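Student: sequence plus the predicted model coming up.
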Number of protein chains: 2
Amino acid sequence: MTKKSADSANGSPPAARQVPMRDFSRSLPMSLLRAREAVMRQFRPSLREHGLTEQQWRILRALAAIEAVEVTELARTAFLLGPSLSRILRDLEARNLIERKTAKADQRRSMVSISKEGLKLMASVAPTSEAIYAEITRRFGARKLAELQEMLGELERSLAGLGGADDTLAEG
Amino acid sequence: MTKKSADSANGSPPAARQVPMRDFSRSLPMSLLRAREAVMRQFRPSLREHGLTEQQWRILRALAAIEAVEVTELARTAFLLGPSLSRILRDLEARNLIERKTAKADQRRSMVSISKEGLKLMASVAPTSEAIYAEITRRFGARKLAELQEMLGELERSLAGLGGADDTLAEG
DNA sequence: GCGAGATACTTAACATGTTAAGTGAATGCG
DNA sequence: CGCATTCACTTAACATGTTAAGTATCTCGC
């Protein structure tokens, strides 16, 4: 029994099961993915009605809280990668939902802000969005929701600095 | 104070802040997204070294546990949408990591299984993958990890049936 | 004050997410 | 049987995720 499988000795497909691993459907990434999808499934239809994607909505929300931000800072806030943000900003600007102008001091930087139209759109989406969030909170329980978010934060912090890729990590 | 903002009355960009909402960075979707990203960041480099994406790896893992599955069932297991799965299966088949053959009884269905090469690839990835998972577990704590996953499952269940889109929901 | 390196984006290229439409095969009903 | 429906996928189209290159600008040492 070194490496041979217990196949039925005919031309059937490989028996699989030869690579022992955790039950994949119970892995942490899958749990997080499914939970997030369950949540976002609630919001997408409403956003879609207003012609917004999840990410566009994230950007508008991030912008609504401030006067103006640099693109890099916005990427950090809205948790988007530079290239994604770059594309989305191009589109949002074309739709006049945001405004952009280069910083005086540093020509490389461009300051982004939400436009009046953008604010109007937000105002029309926010009520539904808040109602959905409230219903989710009601169903899951406000206290448990807070606990969950606390744990998610802890998870994040406990993995911070566990180099994913090009992080500047001393490995010695 | 009906609708006018407290702008400084010059040509500066809109003051924003006119749409009151929760602090967006603390929303549940963002928490879930960030937590998941923190986790996946650990796995991606290793997968990448083996020429696999996260989703391709999910599919191989799902296949490794069984003889063969229909595409629809696989989509459910690997938590992928049909179109994504369709594309990925095409590529995995071209790389000879999976095999596909139409079901005898129903010509519409196609049964997918992992190939010997696929199993070999899995065997070469699994150790690193398991080690990373173990390290994550160690950092966050096995007990807390179990708690977290329990909560995520509860969240999912509490939102099940809260119609996202085309669910068959009676609204009256 | 200039040239190497760092910064702040943007483009490009490829893979997936998401929704809609298309295709071929099974089902059910008159 | 005939045909409209349903089903199991696949294609298409557009938006984002992800990594690598490219571009313009800035900073700093010399």
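Tutor: Nice, thanks for sending it over. Numbers count the residues shown, from 1 in each chain, chains lettered A, B, ... in the order given.

Student: which residues does the residue nearest in space to the middle of chain A contact?
Tutor: Nearest to the mean C-alpha position of chain A, counting by CA atoms, centre = their mean, stands A:F79 at 6.4 Å. Applying CB atoms under 8 Å, 6 or more residues apart in numbering or on different chains to A:F79 gives the contacts A:58, B:30, B:33-34, B:37. All C-beta atoms are positioned from the backbone trio N, CA, C, and that covers glycine.

Student: one more time with 10 Å, if that's ok
Tutor: A:55, A:58, A:62, A:85, B:25, B:29-30, B:33-34, B:37 (CB atoms under 10 Å, 6 or more residues apart in numbering or on different chains).

Student: what of A:R108?
Tutor: A:70-72, A:102.

Student: neighbour-wise, give me the winner out of those residues.
Tutor: Per-residue neighbour counts (other CB atoms under 10 Å in any protein chain shown) across the contacts of A:R108 peak at A:V71, which has 17 neighbours.

Student: if I look at it, how far off is A:A103?
Tutor: 10 Å (CB to CB, to the nearest Å).

Student: what is in contact with these two at once?
Tutor: Going by CB under 10 Å, 6+ apart, residues that sit against A:V71 and also against A:A103 are A:109-111.

Student: and of these, the nearest to chain B?
Tutor: Nearest to chain B among those, counting by CB to the nearest CB, is A:M111 at 8.3 Å.

Student: can I assume that closest one sits in a strand?
Tutor: Yes - using DSSP: H, G, I helix; E, B strand; the rest coil, the assignment for A:M111 is a strand.

Student: that one bridge partners, please.
Tutor: Going by DSSP bridges, A:M111 is paired in beta bridges with A:E70, A:K101.

Student: A:L89 is in contact with that one, correct?
Tutor: No - A:M111 is not in contact with A:L89 according to CB atoms under 10 Å; the separation is 11.5 Å.

Student: overlap in contacts of those two?
Tutor: A:71, A:74, A:100.

Student: against A:I114, how distant is the residue nearest to the centre of chain A?
Tutor: 18 Å.

Student: of A:M111 and A:L89, which one has the most company?
Tutor: A direct count of neighbours by other CB under 10 Å for A:M111 and A:L89 places A:L89 higher, at 21 against 18.

Student: elements contacting the helix or strand where that one lies?
Tutor: Assigned by DSSP states H and E, A:L89 belongs to helix A:82-94. Packed against helix A:82-94 by the contact rule (3 or more CB pairs under 10 Å, 6 or more residues apart in numbering or on different chains; DSSP states H and E) you find helix A:54-64, helix A:71-78, strand A:98-102, strand A:110-114.

Student: quick one: which of the shared contacts of A:V71 and A:A103 is nearest A:V125?
Tutor: When the shared contacts of A:V71 and A:A103 are compared for distance to A:V125 (CB to CB), A:M111 wins out at 23.9 Å.

Student: what about chain A, any weak spots by pLDDT?
Tutor: A:1-20, A:163-172 (pLDDT under 70).

Student: residues from it in reach of DNA strand C?
Tutor: Residues of chain A lying close to DNA strand C by CB under 7 Å from any atom of the strand are A:37, A:40, A:44-45, A:48, A:70-73, A:82-83, A:85-87, A:89-90, A:106, A:108-110.

Student: which of these are buried?
Tutor: A:37, A:40, A:44, A:71, A:85, A:89, A:110 (16 or more other CB atoms under 10 Å in any protein chain shown).

Student: any chance of those in a markdown table, plus distance to B:G153?
Tutor: Output for those, formatted as a markdown table (distance: CB to CB, whole Å):
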| residue | distance to B:G153 |
| --- | --- |
| A:E37 | 13 |
| A:M40 | 17 |
| A:R44 | 22 |
| A:V71 | 38 |
| A:L85 | 33 |
| A:L89 | 37 |
| A:S110 | 43 |
